[in-house]
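K.L.:
curious how this folds, go ahead:
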Amino acid sequence: MTKLGKRTVAARQNVDRKQAYSVDEAVKLIKSNATAKFDETIEISMNLGVDPRHADQMVRGVVSLPNGTGRTLRVAVFAKDDKAEAAKAAGADVVGAEDLMERVQGGELDFDRVIATPDMMPLVGRLGKILGPKGLMPNPKVGTVTPDVAKAVKDAKGGAVQFRVEKAGILHAGVGKASFGEKALSENIKTFIDAVVKARPSGAKGTFVKKVTVCSTMGPGVRVDHTTA
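P.N.:
All right, here's what the predicted structure looks like:
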């Protein structure tokens, strides 16, 4: 059994594992426990009452957090001609078409988000086995297949967070940094929870949001009463 450090033990002692805190209370606890020597990421985990193996129970979407994520994403864009120029002007880190496809096939994946114009999807589709497992495949449902690549790039750079439920019905996302103020973190968490609730699929029956937990990278999880969002 791994022995816990003093800092971890102390952090766990001030969190009641059985209690569901309001968002604002949870944020106070998370910030007080984020004592690492780096700026810890604040992460949210939502346990949903869905089975994503069924198409009508898949939960996915994108939400723009009002205070950003505190993280600068590297964005790659598949586009040509004026769309490629628009993507570059909007701040895309990598822009290309066949040349970008070849770079990805060669193992270059130093980006966090992939955006494509609709006409590029036959090309991008050939990269499905590479991009898919890493969650990088562009999808119109989350705004990453779009003719307006400039807006998509700006959204990605400005704090747009994609979410997608995993096999066990659990959904994870980063919603800020420990250095954020309490108000900014609370706003981000409430906005994220609201977006997921609104994305409830038609096939979801019974209780949709079963459990919400928020934590910092090195801190213990804090249960959140999502009805306070």
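K.L.:
can you give me the strands for the protein?
P.N.:
41-48, 60-64, 75-78, 94-96, 113-116, 160-164, 170-177, 209-216, 222-224 (DSSP state E).
K.L.:
how about a markdown table for these, with mean neighbour count and distance to residue 187 added?
P.N.:
The way it works is simple: take the backbone N, C-alpha and C, and place the C-beta from them, glycine included. A markdown table is the format used below for the strands of the chain (neighbours: other CB atoms under 10 Å; distance: least, CB to CB, whole Å):
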| stretch | mean neighbour count | distance to residue 187 |
| --- | --- | --- |
| strand 41-48 | 21 | 12 |
| strand 60-64 | 17 | 12 |
| strand 75-78 | 28 | 24 |
| strand 94-96 | 20 | 31 |
| strand 113-116 | 26 | 22 |
| strand 160-164 | 20 | 13 |
| strand 170-177 | 21 | 9 |
| strand 209-216 | 21 | 13 |
| strand 222-224 | 23 | 14 |
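K.L.:
tabulate those (CSV), appending mean pLDDT and distance to residue 133.
P.N.:
Formatted as CSV, the strands of the chain follow (pLDDT from 0 to 100; distance: least, CB to CB, whole Å):
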stretch, mean pLDDT, distance to residue 133
strand 41-48, 96, 21
strand 60-64, 89, 16
strand 75-78, 97, 16
strand 94-96, 96, 19
strand 113-116, 96, 13
strand 160-164, 88, 13
strand 170-177, 94, 16
strand 209-216, 95, 25
strand 222-224, 95, 30
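K.L.:
CSV for these, including distance to residue 31?
P.N.:
Converted to CSV, the strands of the chain look like this (distance: least, CB to CB, whole Å):
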stretch, distance to residue 31
strand 41-48, 9
strand 60-64, 22
strand 75-78, 29
strand 94-96, 35
strand 113-116, 28
strand 160-164, 20
strand 170-177, 10
strand 209-216, 8
strand 222-224, 11
